[in-house]
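S.K.: Coordinates only, no sequence provided:
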């Protein structure tokens, strides 16, 4: 199971804006990598090479944007196709607008884990019931993304996808999924973490191993 991160920025200036001492795009790449996403693709204009320079020494690659005529959905498709060209076994892609800079790496890990147990579903991270970003799109549904009209803005693109393919919200207790660069970092609500296992399993660690060996499941009370 390989889940890519597709980071999307409409301008080079936005990609390079200082964010807690780093170019914004560099921070996003570090978050994606820390959370376990691979490959990592940045789709952004880069007329002066500054974006590519900001990515030097990371695991990310830069890709030129799709033609404007394709709209936001076309940029998303472009990023997913670039990720697939890097790693053919990619099973899903995190569609990640560059303005969403406060997402925690734990959220990326949780989405990847949830994809492992629910591989055909569009996963939308949520904060107190409000859907946010990045959105995890299974590659098997890429044609649904290709079918979205170019005049649809990013939130509408996701709404159209959610109406066309299986989808669900994953409550992750991360305010960064709905608060972007318009919210100063110091003003973010506190990170809470997911109320339930994102992958949807409440089994104790070691339970599957015990079951395979014909042993009783571990008793958490005995591990005190």
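M.R.: Nice, thanks for sending it over. On a predicted model such as this, the values are computed, not experimentally measured, just so you know.
S.K.: Could you find the closest non-adjacent residue to residue 173?
M.R.: Using Cβ to Cβ, 6 or more residues apart in numbering and skipping the chain neighbours, the partner closest in space to residue 173 is residue 192 (3.4 Å). C-beta: built from backbone N, CA, C; applies to glycine.
S.K.: just checking, that neighbour is part of a strand?
M.R.: No. Under DSSP: H, G, I helix; E, B strand; the rest coil, residue 192 sits outside any strand and is assigned coil.
S.K.: Roughly how far does it sit from residue 104?
M.R.: As defined by Cβ to Cβ, to the nearest Å, residue 192 lies at a distance of 11 Å from residue 104.
S.K.: Next: residue 174.
M.R.: From residue 174 over to residue 104 (counting by Cβ to Cβ), the distance is 5 Å.
S.K.: which of the two has more neighbours?
M.R.: Just comparing residue 174 and residue 104: by other Cβ atoms under 10 Å the higher neighbour count belongs to residue 174, 26 against 19.
S.K.: show me the contacts for that one.
M.R.: Taking Cβ atoms under 8 Å, 6 or more residues apart in numbering as the criterion, residue 174 is in contact with 103-104, 106-107, 125, 127, 191-193.
S.K.: Next, count neighbours for the residue nearest to residue 173.
M.R.: Residue 192 is surrounded by 13 other residues when neighbours are defined as other Cβ under 10 Å.
S.K.: In this structure it contacts residue 171, no?
M.R.: No. At 9.4 Å, residue 192 does not count as touching residue 171 under the criterion of Cβ atoms under 8 Å.
S.K.: that older thread, what sits in contact with each of residue 174 and residue 104?
M.R.: Looking at what touches both residue 174 and residue 104 (by Cβ under 8 Å, 6+ apart), the common residues are residue 191.
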